[in-house]
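Enquirer: Below: sequence and its predicted model.
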Amino acid sequence: MFLEWLTGYSDQFQIFNLFNYLTFRTGGALMTSMLIAFILGPRVINLLRSRQGKGQPIREDGPAGHIIKKAGTPTMGGLLILLSVSLSTLLWGDLKSPFLWTVFLVTLSYGLIGFYDDYLKVSRQNPKGFSGKIKLVLEFGVAAAAVYVLTTAFPQTPDNFETGLAIPFLKNFTINLGIFFIPFGCLVIVGASNAVNLTDGLDGLAIVPVMIACMSFLLIAYFVGNSVFSNYLGVPYIPGSSEVCVFLGAIVGAGLGFLWYNAPPAMVFMGDTGSLSLGGALGTTAVAVKHEIVLAVIGGLFVLEAVSVIVQVASFKLTGKRVFRMAPIHHHYEKKGWAEPTIVIRFWIIAIILALIGLSTLKLR
């Protein structure tokens, strides 16, 4: 609405013509969400602290230092991220874009699921939250609706493109999954959401890799939605998908603002409210721009965290032995004596390297 109103005056005032440029609006969304997070951060944190009392419950089987250092820290900081992203997206985004709305609504839906889980943890002072099975059912339900919309409501060309799986390093080559693309897309979205959730275990550990992944997919979405760049790079051309850049820019800005308060020692945790929603945003974006496999590379850190949990559980059930001292893997290094900032910064470096590798697939085709 705001965008249409401003661009309507572009004939009379040339400066308003800037709002027709996606790059300008993406930068505006980033700056706006960052400022909102900076300004509202203290108020949101104080509100959460006053309402939650003891804050997020700490796992008794976790690293011993967490009980001392992190007890009493409020959670649900994802509300600050969602608020900043929502206001910024509605302000700068083209609200006629189905791609923008699909990613936006999945993010909010996963945020609500995470919020309810956080609420139960805080109110009951139990780190388990609500039933994992029910949570997965809700996540898959939302994901299925999103993938269905992306594959049927907005048909693409050439034939069978909607259900095609793009292969990195190969120009304009897709494998048609047919009806199986819907469950595949659901796995991508739900998997990304829960992988980010598992990564969120140390101060600042999850938010920076999320921002790195969002910046990477911001570039991918821009290239995929531009016929000139997509033709030059040999990637699928998806008209209108580049509008997701505004939303991703808003996440990066909100992430920067949130990191100010989440940096060690954290004043607030994002909780499931933030981690589930941000992971869902990444997964849905990957499906929308046909770069699902590339997400596994760019988000390789999240994959590593999730795989470490799967391996740990499988090994213990089958052999009674643990592969890691504790899972997810960042806790393994804590148990080995690594300092928390050391783990966090080294994982950030790994996230940057993986993002560069993932982006290289755009040209190496």
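Expert: All right, it came through fine.

Enquirer: how close does Ser109 sit to Tyr116?
Expert: Separation of Ser109 from Tyr116 (Cβ to Cβ, to the nearest Å) stands at 11 Å. Bear in mind the C-beta positions are built from the backbone N, C-alpha and C, glycine included.

Enquirer: any idea which element Val303 lies in?
Expert: For Val303, the enclosing helix or strand under DSSP states H and E is helix 300-319.

Enquirer: Could you list the buried residues of that helix?
Expert: Neighbour counts using 16 or more other Cβ atoms under 10 Å place Gly300, Leu301, Phe302, Val303, Leu304, Glu305, Ala306, Val307, Ser308, Val309, Gln312 of helix 300-319 among the buried residues.

Enquirer: if we can go back for a sec, which of Ser109 and Tyr116 has more neighbours?
Expert: A count of neighbours by other Cβ atoms under 10 Å puts Ser109 above the other of Ser109 and Tyr116, at 20 against 17.

Enquirer: That one: what's it in contact with?
Expert: Val142, Gly280 (Cβ atoms under 8 Å, 6 or more residues apart in numbering).

Enquirer: any idea which element it lies in?
Expert: Assessed by DSSP H and E, Ser109 sits inside helix 98-124.

Enquirer: Which positions in that helix come out as buried?
Expert: Across helix 98-124, burial judged by 16+ other Cβ under 10 Å covers 99-104, 106-111, 113-119, 121-122.

Enquirer: ok, and what's touching the following helix or strand past that helix?
Expert: Counting by DSSP H and E, the next helix or strand C-terminal to helix 98-124 is helix 132-148. With contact meaning Cβ under 8 Å, 6+ apart, helix 132-148 is reached by 102, 105-106, 109-110, 113, 117, 129, 181-182, 185-186, 189-190, 193-194, 276, 280, 283-284, 287.

Enquirer: where's helix 132-148 relative to the chain centroid, distance-wise?
Expert: A distance of 16 Å separates the centroid of the chain from that of helix 132-148, by Cα atoms, centre = their mean, to the nearest Å.

Enquirer: got it, and stretch 221-239?
Expert: How far stretch 221-239 lies from its chain's middle: 22 Å, per Cα atoms, centre = their mean.
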